[in-house]
Each structure stands twice: as C-alpha cells, then as structure tokens.
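Participant: below is the sequence, then the predicted model.
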Amino acid sequence: MRRPALALGVLALALTATPRGQAELPPGYGGTLRVIAPEPLRVPDPAQVGSLFEATVADAVFDPLGALLDGEPTVLEDGRLELKLKTGMRRHDRRPLRARDVAIHLRRFARRTASWWLAPVATERGRPAIEVVDEHTLRLTPATEGADLRPLLALRPLAYRAAVGTGSGPYRPRLVQGQLRLFQFRSAVRGAPYVRDWRFLPPRERDDDLRALVLGEAEGSFSGGSLHGRRPERPVVPHAFPEVAPVLLVPNPHRMRESWPALVRALDRDRLARVGLRPADTIAGSLPTPRVGRARRALEGELVLLIREGDRLAAELGRALAAIVDERGARLRIEAVPSERWADAIHRGRWHLRIAEVPPPLPIAHPLARAALLAAAHAATGDEGRARGLWTAAAAGTLEEAAEHGAARALKAAVLGRRRLELHLDQDVRGVRFDGAGRLRLGDAHLPRERTETP
C-alpha cells in the first residue's frame, strides 16, 4: 500500500510545481460582473423578448421545457406527447417543480398575447388539452392528427415561467435601483452558474459607456473596447453574437399605405450597416423578400419613427433613416417612448414607422427554425393570425415550400439586416459561449479562482 501513497504524493508535488497556465485549478463559484446594457432594462419575459440582448437575459432565467425532461419525450400510439420530468427540481421561490406546475404554466400561456405558439396543442373547454398523470408525468394532445408537438420543447418563448421573474434557470432577476441584477441560483435545473451576480447597468451614451469601461466602473460594454485610444485598466476581449436576428422596419398600415413602396425602394442597406447591421433583405437566406407594390405617392411631409427610449441601435438606425428620407424631400422625426408606454404608443397609432428585432425562437439548426422565425416576424408586425396559421402548419408537417415563400412575401415590413452585437468583456472572463439560438450563455461564464469568493 506504500507504493500508491508515494505515487500520489509525487503527483501532488508535481501539480503544485507546475507553472500557472499548464495545470490551472477549476474555476471557482462567485464574483460580480458589471455590464452596461445596450437598451432599456426590464424584468425578462421569454414570450416578450424584443432583442438578442433581452433573449440572452431571459434564457438565463427561464428553462425551455425540454430542459425539464428526464430523457426523451414519448409519442404515444394515439399521438399524444408524454413528458416525464426530472425529480427534485426547484423553482426560484424554492418550491418543488412538478408536472402540475408545467400544466399551469401552459394554461396561463394560452391566455397571453403570444398564445398562438400553443396552436398545435388541442383545446378542451377553451384550455390546452393537458393531462397530468402523476407528479412527474404529463401528456399533451395535438390539435391535428399527425402534428408533432416535440418542437414546443425547444421553443424559447414557451420556456417555463412560474410568475413574473420566476423560473428555474441559472439566475434570479431583480431590478435594483435601475440595475437589472441576476443572482446565482444554486438549485438551477441546468446546474449552478459560476458568476454570483451579473449586474446590467442602464444604457448610456456611447462615450459615457466607454468611459465607465476605461475607468473600471464596468467589466463589459456593448459599445467597444476603448475610448479615444485609451484602453481599460483591465484589457477586454470582444465576443461577437451570431448574426441571426433580423431587424425589421414596420410601417403603420393606416398612415404609410401609399408611400411605403417609395420608402422601401429608397433604403440603402449598406449605409445602415454602419450602425450595427449586416445587410440583408430577407428573413432567412433562401426566402424571398417581402412584396412591395407600386408607389402611389412619393415621400412627403413629416414621418414619425417610434423607438424605445434608451435603445441605442434604434436611435442610430433612426438617424441613418432620417438622412435617407431627407434626401427624398421628406422629414423623419424620431420619437423616443419609455418602455412602459411602448404598447400604448403603438396602439394609439400616431406614428408612421417603428423598428422591431426578431430573435430566433428555435435553435438555428432545428428543422422548423426558419418557419418559427418567419412566424415570429409576422407576430412582430402585429399579424398574429398569419403567425398562428404558419406555425400550426409547420408543426403539423403540412407547410409546403410555396406556402412558406408566400408567407415571406406577405410580411408587412422591410428587412433592414441582421443584428450585429458584440460584447467587450474583461479578458479574465472565461467560458464565454453562445447557444444554438444566438443567446450568450451567462451561466457558463466564469472568473479565475483568485477573483471569486469560493464558499
């Protein structure tokens, strides 16, 4: 028995003598990362995300239904989908997460604005047809024979949400003095995250943003890595998000019907690329561009572009669009609206144009990813009826290519390009990676052990 003990002693001595970088210790749990947000902050809601940034935060709080399963779902002989949940799961409020909770979540979702995502599920007495078999098993009934309900398990908008800001993901969100803070949840279904506290600070003007990074008031910025050539005390590394989220220019059909074609034909996407877009005019590469009719009227008078207050990309796009409109003899006025009044401002209709970003609802490699993205784009323009029909047909396997192309041409918006988003983050942060739907995986990022407070 002395020989193994001696070998272990030699190995331990070798590890302690190994130069740093060749045999580093595993990351510790802890640390705080402050990042200046690129847009207004709010408690995340997976069904209401309006950007890749919001989608990233929502994914850190809420789990897709598939993450809750113990193994693969089962398609029963009668077509129903049986889901068996993992045991021992907890919500952010520390309560057990069981089949009954998932059923309640889905029934509540069916009463929300984005309920059309549940259209492939049958209804009984106005509610989704869900049977809770036992504490860890439930069954979903498809609305049409042969419909495949398994894509619902990967849908980001349908992620499990127990209440406002309460899910089962790696982080628990709180708005604290204008900051959106994500607190580590050790009992997360996907495993405990490394960083103890992500602090997203309210958006600032670009120079103020970069100044905070240079002075060490933040560890991350979406604006860049230096200010007038001055580098931060802690060097930063750029991390580019996948360019998967189309950005739309949506017209008010009651005010832009006759002059909309003239504006679309005047768009210069190469100019728009300078403010954070990769030029593109389609929702997905192989789909046709939205149909534009014949212009009945030239651009004239004053147009109002509605943007969210504090949304830097929308503001920069607005200024670029204003220059294009000005060259055509009209004027574009940018009206910034606080986030809490956004829905009301759209409903009032005192605007001509607005900007909408559409994060992918499904991982890009998913067979229904293109159909889901197109459906989400229609919903972003306010055409939820077409979104419902498109998604229902895709889940049922009856969506033909001609119909999908027709839906792409019928989109009531112009695609300006794909969102370019880059996070410049403290070089000590490791494990930075993105998921299949373009979200930054906040739970995977970690700091070196010397910068964490290991309990």
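Facilitator: Arrived safely, thanks for sending. Residues are numbered from 1 along each chain as shown.

Participant: ok, Arg98 - how many residues close by?
Facilitator: The number of residues packed near Arg98 is 19, by other C-beta atoms under 10 Å. C-beta here means a position set from N, CA and C on the backbone, and glycine is covered the same way.

Participant: need the phi and psi values for Ala47.
Facilitator: Torsion angles at Ala47 (phi, psi; degrees, to the nearest 10) stand at phi -90, psi -10.

Participant: for it, what are its contacts?
Facilitator: Phe109, Arg112, Thr113, Ala114, Trp117, Pro157, Leu158, Arg161 (C-beta atoms under 8 Å, 6 or more residues apart in numbering).

Participant: report pLDDT for the fourth one.
Facilitator: Okay, so that is Ala114. Per-residue pLDDT puts Ala114 at 94.

Participant: that one contacts Ala379, doesn't it?
Facilitator: Yes - contact between Ala114 and Ala379 holds when scored by C-beta atoms under 8 Å: they sit 7.2 Å apart.

Participant: number of nearby residues for Thr87?
Facilitator: Thr87, neighbours per other C-beta under 10 Å, totals 11.

Participant: reformat the contacts of Ala47 as JSON lines; add distance to Leu411 and secondary structure.
Facilitator: Converted to JSON lines, these look like this (distance: C-beta to C-beta, whole Å; DSSP: H, G, I helix; E, B strand; the rest coil):
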{"residue": "Phe109", "distance to Leu411": "25", "secondary structure": "helix"}
{"residue": "Arg112", "distance to Leu411": "23", "secondary structure": "coil"}
{"residue": "Thr113", "distance to Leu411": "19", "secondary structure": "coil"}
{"residue": "Ala114", "distance to Leu411": "18", "secondary structure": "coil"}
{"residue": "Trp117", "distance to Leu411": "18", "secondary structure": "helix"}
{"residue": "Pro157", "distance to Leu411": "19", "secondary structure": "coil"}
{"residue": "Leu158", "distance to Leu411": "23", "secondary structure": "coil"}
{"residue": "Arg161", "distance to Leu411": "28", "secondary structure": "coil"}
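
Participant: so where do the helices sit in the stretch 201-350 of the chain?
Facilitator: Using DSSP state H, counting those that start in this stretch, the helices of the stretch 201-350 of the chain run over 206-214, 260-266, 269-272, 312-327, 342-348.

Participant: coming back round to it: Ala114 and Ala379 - which one has more neighbours?
Facilitator: Neighbours per residue, other C-beta under 10 Å: of Ala114 and Ala379, the larger number sits with Ala379, 24 against 19.

Participant: I'd say that one and Gly385 touch.
Facilitator: No - between Ala379 and Gly385 there is no contact under C-beta under 8 Å: 9.7 Å.

Participant: would you agree Arg199 falls within a helix?
Facilitator: No - according to DSSP: H, G, I helix; E, B strand; the rest coil, Arg199 belongs to no helix; its state is strand.

Participant: output the lowest mean pLDDT helix or strand found in this structure.
Facilitator: One helix or strand of the chain scores below all others by mean pLDDT, DSSP states H and E: helix 2-17, with a mean of 42.
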